[in-house]
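[1] need a 3D model of the sequence below.
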Amino acid sequence: MAEQIVQIENVNPSDLYGAKDQYLTIIKNLFPKLKIIARGDFVKVIGEDDEVDYFIDHLTMLVNHLERYGSINPQVIEDVMISNGE
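    Numbers count the residues shown, from 1 in each chain. As a prediction, the model looks like this:
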């Protein structure tokens with residue numbers, strides 16, 4: 001089991017998590033094998049090494065998208081979080 005903590009930088013965490021954590025819920029549902037805990041600008045992820053690494057890589061891409069375009073939506077979350085990195 002791996003555990004990693006990521007600090008959300010350069011974006012407002014509430015923009016990433018969504019109103020009433022709606023985006024965070026979508027993200028958690030996409031990764032049912034992981035335990036994802038968001039507190040302020042930190043996200044803690046617990047699970048198998050390769051799944052945690054995949055999640056962190058894709059969460060970083062999602063934050064980069066939010067930073068670049070200023071918003072995300074459920075479709076963007078799904079596209080980025082389950083993409084193969086292209």
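
[2] please make it C-alpha for all contacts and neighbour counts, starting now.
    Fine.

[3] and the residue lying closest to residue 41 once chain neighbours are set aside, backbone torsions?
    Nearest residue to residue 41 in three dimensions, chain neighbours excluded: residue 8, at 5.0 Å (CA to CA, 6 or more residues apart in numbering). Main-chain torsions, residue 8, degrees, to the nearest 10: phi -80, psi 120.

[4] pLDDT at residue 8, what is it?
    On the pLDDT scale, residue 8 is placed at 97.

[5] what of the one 10 residues further on?
    On pLDDT, residue 18 comes in at 97.

[6] repeat that for residue 37.
    So residue 37 comes in at 98 (pLDDT).

[7] over to residue 61?
    On the pLDDT scale, residue 61 is placed at 96.

[8] I'd assumed residue 80 was in contact with it.
    Yes - contact status for residue 61 versus residue 80: in contact at 6.9 Å, counting by CA atoms under 8 Å.

[9] next, show the common contact partners of the two.
    Counting by CA atoms under 8 Å, 6 or more residues apart in numbering, no residue touches both residue 61 and residue 80.

[10] what about the residue nearest the centre of the chain, which helix or strand?
    Taking CA atoms, centre = their mean as the criterion, residue 59 is the residue nearest the geometric centre of the chain, at 3.7 Å. Assigned by DSSP states H and E, residue 59 belongs to helix 49-69.

[11] give me the helices and strands touching that helix, please.
    strand 2-7, helix 74-81 (3 or more CA pairs under 8 Å, 6 or more residues apart in numbering; DSSP states H and E).
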